[in-house]
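Novice: How does the following fold in three dimensions:
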Amino acid sequence: MNNVSTQEYDIAQLGAPVLRQPAAEVEDILADECQQLITTMLLAVSQAGGVGIAAPQIHHSKRIFIMCSKPNARYPDAPLMDPTAIINPEVVSYSKEKVKGWEGCLSVPSMRGLVPRHTAITVKYFDQQGNEQHKTFHDFVARIFQHELDHLNGLTFIDQLESTQDLISESEWYKQFAEG
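Specialist: Numbers count the residues shown, from 1 in each chain. Predicted structure coming up:
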């Protein structure tokens, strides 16, 4: 069956049990099942207009996420990067410095939060071809990585807030903080 059903593009919403369970390691990156999941995730994040998506967000409890930073209405200063599959990720080291920044989530629509994140992280992961990668990410891309990694650990950005005072509706965020 080559057709991907629209069901697979449904984004799990806050409260869905899959978003609260730790995702399973990927055993065989080159298996058709894994490669098809990556393709589905790439299509889903593109369709949703996100800068990242984790497998649990499309109802698959696997340690895979896509990072695809690009400028958009919510993140006008985001750097442009090719969509990248991140498989079985680990953070090797974190910067001491943390900065609060606004985050939203495809699984928590209509809300944004001011979330503290490390400004730089050194990570290791496997790419879509099964090659181990070691990279250091900074600023917004480091934020995306940490946000998506949280999904693989059963967390959302809401769990990282220092206070509920740091939570705002997206419509109010646009009124107060969006440029233009």
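Novice: tell me the centre residue of the protein?
Specialist: The residue lying closest to the centre of the chain (CA atoms, centre = their mean) is Glu148, at 3.0 Å.
Novice: Find the nearest non-adjacent residue to that residue, please.
Specialist: By the measure of CB to CB, 6 or more residues apart in numbering, the closest residue to Glu148 outside its immediate chain neighbours is Phe65, 3.8 Å from it. C-betas here are computed from N, CA, C, even on glycine.
Novice: The one you found: how many residues sit nearby?
Specialist: One way to gauge burial is a neighbour count; for Phe65, by other CB atoms under 10 Å, it gives 29.
Novice: Past the longest helix seen in the chain, which element shows up next along the chain?
Specialist: With DSSP state H applied, the helix covering the greatest number of residues in the chain is identified as helix 32-48. Using DSSP states H and E, the helix or strand that follows helix 32-48 towards the C-terminus is strand 52-54.
Novice: other SSEs contacting that next one?
Specialist: When contacts are defined as 3 or more CB pairs under 8 Å, 6 or more residues apart in numbering; DSSP states H and E, strand 52-54 packs onto helix 32-48, strand 64-67, helix 139-152.
Novice: switch the cut-off to 10 Å
Specialist: When contacts are defined as 3 or more CB pairs under 10 Å, 6 or more residues apart in numbering; DSSP states H and E, strand 52-54 sits against helix 32-48, strand 64-67, strand 84-94, strand 98-105, helix 139-152.
Novice: in its sheet, what does that strand sit against?
Specialist: Within its sheet, and counting by DSSP bridges, strand 52-54 is paired with strand 64-67 (antiparallel).
Novice: Buried ones in the partner strand, by neighbour count?
Specialist: Burial within strand 64-67, assessed by neighbour count using 16 or more other CB atoms under 10 Å, is assigned to 64-67.
Novice: do the same with stretch 11-30
Specialist: 11-12, 18-19, 23, 26, 29.
Novice: ok, now stretch 75-90?
Specialist: Of the residues in stretch 75-90, those scored as buried under the neighbour-count criterion (16+ other CB under 10 Å) are 75, 78, 83-89.
Novice: Since that was my last question, I'll sign off now.
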